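Novice: missing the sequence, but the structure's below:
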């Protein structure tokens, strides 16, 4: 019968007689040709186990200062998956159990050994090693995909405690590996209601797809994300039951919002230019005609004076509104200088302090120390801050209002937080807050916050608004630090 290719064997044995006996048994094989290399010294054997290319290790239990279990453990620790067969002079249940625990493929007693038993043990070990090697290659392949994914991936147990996460997850959520393994999925959700929906859907259908949700990192920073999670059946519950993938949508959503705001500002500009063209010409004629009429009318006629003043005042108001519309939508020309945000806030507060005092609003400042300067157009940023502060004052009840103005420093940004305890804004209205002509004030045009947004956009600043009805509103305005 034609023999299979050679099987390279490393025989780790310090008794020369046992080596001769093992060689003889192996030479009797009808199915394999065994290429046997003998190594009596454990230290040299370790080097060969790691660097050699063997298909099987035959290891004697007693090797002087070390035993065969030490070598098997060494191979396991080094990630060597070549099967190990432990040989011993006499049977010992404890050694047998330890050999299994350490990962030995088999445990053979020399006094019971013959060619058939040794060959069968090697055949089974090689077959098992092939399966293990295939699984190891697959594990390395999928581990590589897991680790190298640009999207955060997590594995969680039945209690939704995180069991394994990739590097992208750690970077995205700003956790260390140790910290990530101590939290549950619940802790990365901003809203309890979102987690409840996620958990119920997962339990009912064993999966959740394309769930758009706001997640938070270790520092509480919000991340607009697309979450997919699936139940993995036939897993040991202590290790893993659920696999999830998080796709960051924050930049895409921000780009969409910025594009929408830009389109709305562009629309406002077109409307303003159309009105300016269609209204200003007849308005100018009306004003000129009024001036001419006033010159020809009796000077002491109170009725004439009353109505002519009404016409003039409203014509001027129309002219002013047209100017505000044009100003709110056109790109701002900036005079950028390195400026201290806290100084600009103090100057803005000084402009609004009379209004605060009139409404008996309590002001609370909490400015971070030693803030770096930021490239800003000081006068325009004061207008933006003032619009927000005035809106906050008008939203609070006189005598009960508290206005908080804070500054915070992060590695890349300075954030200004302006918070009131006023009537709040309905969630549906927050998205429209910076839209041209959107207002809930009687007689207001709804262009103040549009102009504010235009100013902040021109500074590449980000603004986020959060609000709860009857509790208050917070504007978070973030400026990039100067490079």
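Specialist: Arrived safely, thanks for sending. Not measured: the values here are computed from a predicted model.

Novice: quick check: residue 472 touching residue 422?
Specialist: Yes: with contact defined as CB atoms under 8 Å, residue 472 reaches residue 422; the gap is 5.6 Å. Quick note: C-beta positions are derived from backbone N, CA and C, even for glycine.

Novice: shared neighbours of the two, which are they?
Specialist: residue 395 (CB atoms under 8 Å, 6 or more residues apart in numbering).

Novice: what about the helices in the stretch 301-450 of the chain?
Specialist: Ranges of helices in the stretch 301-450 of the chain, per DSSP state H, counting those that start in this stretch, are 302-329, 341-358, 378-395, 427-430, 448-458.

Novice: same list (the ones you listed) but as JSON lines, adding mean neighbour count, distance to residue 18 and mean pLDDT.
Specialist: Below are the helices of the stretch 301-450 of the chain laid out as JSON lines (neighbours: other CB atoms under 10 Å; distance: least, CB to CB, whole Å; pLDDT from 0 to 100):
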{"stretch": "helix 302-329", "mean neighbour count": "14", "distance to residue 18": "93", "mean pLDDT": "75"}
{"stretch": "helix 341-358", "mean neighbour count": "15", "distance to residue 18": "82", "mean pLDDT": "92"}
{"stretch": "helix 378-395", "mean neighbour count": "20", "distance to residue 18": "87", "mean pLDDT": "91"}
{"stretch": "helix 427-430", "mean neighbour count": "12", "distance to residue 18": "81", "mean pLDDT": "82"}
{"stretch": "helix 448-458", "mean neighbour count": "22", "distance to residue 18": "83", "mean pLDDT": "81"}
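
Novice: so which of these is nearest residue 372?
Specialist: Closest approach to residue 372 among the helices of the stretch 301-450 of the chain (CB to CB): helix 341-358, 9.2 Å.

Novice: counting by contacts, list what the closest one packs against.
Specialist: Helices and strands touching helix 341-358, by 3 or more CB pairs under 8 Å, 6 or more residues apart in numbering; DSSP states H and E, are strand 362-366, strand 374-376, helix 378-395, strand 402-409, strand 413-420.

Novice: quick check, pLDDT for the most centrally placed residue in the chain.
Specialist: Closest residue to the average C-alpha location of the chain: residue 172 at 3.6 Å, with CA atoms, centre = their mean. Note on residue 172: pLDDT of 90.

Novice: so it sits in a helix?
Specialist: Yes: according to DSSP: H, G, I helix; E, B strand; the rest coil, residue 172 belongs to a helix.

Novice: quick check: closest non-adjacent residue to it.
Specialist: Counting by CB to CB, 6 or more residues apart in numbering, residue 152 is the residue found nearest to residue 172 once chain neighbours are left out, at 4.5 Å.

Novice: check the spacing between that neighbour and residue 360 real quick.
Specialist: Distance, residue 152 to residue 360, by CB to CB, to the nearest Å: 49 Å.

Novice: ditto for residue 68
Specialist: In terms of CB to CB, residue 68 sits 86 Å off from residue 360.

Novice: the two: which has the busier surroundings?
Specialist: residue 68 (29 against 12; other CB atoms under 10 Å).

Novice: tell me which element the residue in the chain sticking out farthest from the centre falls in.
Specialist: Going by CA atoms, centre = their mean, the residue of the chain most distant from its centre is residue 298, 75.1 Å out. Counting by DSSP states H and E, no helix or strand carries residue 298.

Novice: would you confirm that it contacts residue 304?
Specialist: Yes: if you go by CB under 8 Å, residue 298 and residue 304 touch, sitting 6.8 Å apart.

Novice: who does the residue nearest to residue 413 when sequence neighbours are not counted form a beta bridge with?
Specialist: Using CB to CB, 6+ apart and skipping the chain neighbours, the partner closest in space to residue 413 is residue 478 (4.6 Å). Assessed by DSSP bridges, residue 478 has beta-bridge partners residue 415, residue 462.

Novice: where along the stretch 1-150 of the chain do the strands fall?
Specialist: Here the stretch 1-150 of the chain has its strands, by DSSP state E, counting those that start in this stretch, at 7-12, 34-39, 56-60, 62-63, 66-67, 84-88, 106-109.

Novice: so which of these gets nearest residue 398?
Specialist: Of all the strands of the stretch 1-150 of the chain, strand 84-88 comes closest under CB to CB, at 83.8 Å.

Novice: list the contacts of that closest one.
Specialist: 13, 18, 22, 56-62, 68-69, 71-72, 75, 95, 99, 103-110, 113, 121-122, 125.

Novice: give me the buried subset of those.
Specialist: Neighbour-count burial (16 or more other CB atoms under 10 Å) applied to the contacts of strand 84-88 gives 13, 18, 22, 56-61, 68-69, 71-72, 75, 95, 99, 104-110, 113, 121-122, 125.

Novice: neighbours around residue 119, how many?
Specialist: Residue 119: 18 neighbours (other CB under 10 Å).

Novice: residues touching residue 65, list them.
Specialist: The neighbourhood of residue 65, defined by CB under 8 Å, 6+ apart, consists of residue 42.

Novice: my bad, should have said residue 165
Specialist: Counting by CB under 8 Å, 6+ apart, residue 165 has contacts 152, 153, 154, 155, 175, 177, 180, 181.

Novice: just among these, which is most surrounded?
Specialist: Neighbour max across these (other CB under 10 Å) = residue 152, 24 neighbours.

Novice: in this structure it contacts residue 166, no?
Specialist: Yes: between residue 152 and residue 166 a contact is recorded at 6.8 Å, counting by CB under 8 Å.

Novice: tell me where the longest helix sits in the chain.
Specialist: If you go by DSSP state H, the chain has its longest helix at helix 250-296.

Novice: what's the angle between that one and helix 302-329?
Specialist: Interaxial angle, helix 250-296 versus helix 302-329 (axes from the mean of the first three to the mean of the last three CA atoms, to 10 degrees): 160 degrees.

Novice: in stretch 184-201, what counts as buried?
Specialist: 185, 187, 188, 189, 194, 195, 198, 199.

Novice: out of those, which comes closest to residue 339?
Specialist: residue 188 (36.6 Å).

Novice: contacts only, for that closest one.
Specialist: With CB under 8 Å, 6+ apart, residue 188 has these contacts: 173, 215, 216, 217.

Novice: follow-up on the earlier one: state the mean pLDDT of the longest helix of the chain.
Specialist: On average, helix 250-296 scores 73.

Novice: residues in contact with stretch 32-51?
Specialist: By CB under 8 Å, 6+ apart, stretch 32-51 touches 3-14, 16, 19, 22-23, 26-27, 52, 54, 57, 63-66, 70-71, 74-75, 78, 80, 82, 119, 122-123.

Novice: one more pass at 7 Å, please.
Specialist: 3-4, 6-14, 19, 23, 26, 57, 63, 66, 71, 74-75, 78, 80 (CB atoms under 7 Å, 6 or more residues apart in numbering).
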